[in-house]
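Undergrad: Could you look at this predicted model? Sequence included:
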Amino acid sequence: MDNLLTALILSIVEGLTEFLPVSSSGHMILVGELLDFVGERAATFEVVIQLGAILAVVVLYWKRFWGLARPQPYVRFAGMRGIWLLILTSLPACVVGLLFHSLIKHYLFRPATVLIALVVGAVCMILVERRKQKPTCVSLDEMTPRLALGIGCFQCLALWPGFSRSAATIMGGMLMGARRPVAAEYSFIAAVPIMVAATGYDMLSNLNLFSAADIPFFLVGSAGAFVSALLAVRVFVSLVGRMTLVPFAVYRLLLAPFVYYFMVH
């Protein structure tokens with residue numbers, strides 16, 4: 001396949017951006033263009049190494065995931081109730097993704113659409129942060145089915161590369177009454193089922209594109225994504241209670257001209 005340095009670079013980009021509201025898929029498309037790593041094989045690789053980033057969240061929030069299997073007294077986001085909430089959040093994007101998978105990959109996975117999504121997502125984040133409202137959900141245990149489904153509907157925006165799944169779910173949670181740290185924590189946890197589903201679907205659909213010789217490439221990619229995602233989530237969690245989404249919006253707006261100049265113009 002391609003060299004291991006390409007895998008390492010892409011894995012670091014994936015891990016650092018997957019759970020931040022800056023769009024991992026958008027960054028992966030742009031970096032892939034710069035590295036001349038494009039096409040169906042590249043797109044599948046970029047999805048598969050998300051397994052490393054998923055594992056980072058499972059490690060960081062293992063108590064929450066363990067609680068889904070072994071619920072504890074007085075913990076409401078646990079057991080079948082917690083699983084049901086995650087199903088409600090995952091369902092809309094799974095349905096839309098399955099119905100329009102080929103169209104999304106054909107029309108949206110390109111620098112020009114990423115550029116538009118970066119700007120639109122940034123403007124949305126600024127508007128959401130300017131909207132002052134008293135939170136009605138101040139902990140994960142106060143998550144309701146209505147809130148979980150609403151966040152799931154917002155998550156459909158993440159099918160547009162460049163918008164960011166993290167940004168969509170955090171903004172959706174905030175608009176529906178969740179505190180920013182709660183929306184962020186739920187965004188991380190809810191990422192696991194939808195990302196596992198997307199990764200599994202892509203792997204099964206494109207197994208014929210790869211051989212045993214590609215295994216080291218995937219191992220390096222997954223390991224790099226795991227380590228960088230672990231660091232990114234830890235830092236973001238420590239900051240999200242003290243800062244707004246506006247700095248991430250500014251970053252996206254500053255990135256947009258470079259995307260236009262180097263990738264679109």
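TA: That came through, no problem. Treat the numbers as computed from the prediction; the structure is a model and nothing was measured.

Undergrad: What number of residues are in the vicinity of the closest residue to Gly97 other than its chain neighbours?
TA: In space, and not counting its chain neighbours, Gly97 is closest to Leu159: 5.8 Å by Cβ to Cβ, 6 or more residues apart in numbering. C-beta: built from backbone N, CA, C; applies to glycine. Neighbourhood size, Leu159 [other Cβ atoms under 10 Å]: 19.

Undergrad: Then Lys105?
TA: Other residues near Lys105 number 14, with proximity taken as other Cβ under 10 Å.

Undergrad: That one: what secondary structure?
TA: Of the three states, Lys105 takes helix under DSSP: H, G, I helix; E, B strand; the rest coil.

Undergrad: Check Leu20 too.
TA: coil.

Undergrad: Wasn't Arg76 part of a strand?
TA: No. Applying three-state DSSP, one finds Arg76 to be coil, outside a strand.

Undergrad: That one touches Asp141, doesn't it?
TA: Yes. Using Cβ atoms under 8 Å, Arg76 is in contact with Asp141, at 4.1 Å.

Undergrad: returning to what we had before: the residue nearest to Gly97 and Ser23, how far apart?
TA: 12 Å (Cβ to Cβ, to the nearest Å).

Undergrad: for Thr244, what are its contacts?
TA: For Thr244, the contact set (Cβ atoms under 8 Å, 6 or more residues apart in numbering) comprises Glu129, Arg180.

Undergrad: What pLDDT does the model give it?
TA: Reading off the confidence values, Thr244 has pLDDT 93.

Undergrad: how close does it get to Val250?
TA: Thr244 is 11 Å from Val250, by Cβ to Cβ.
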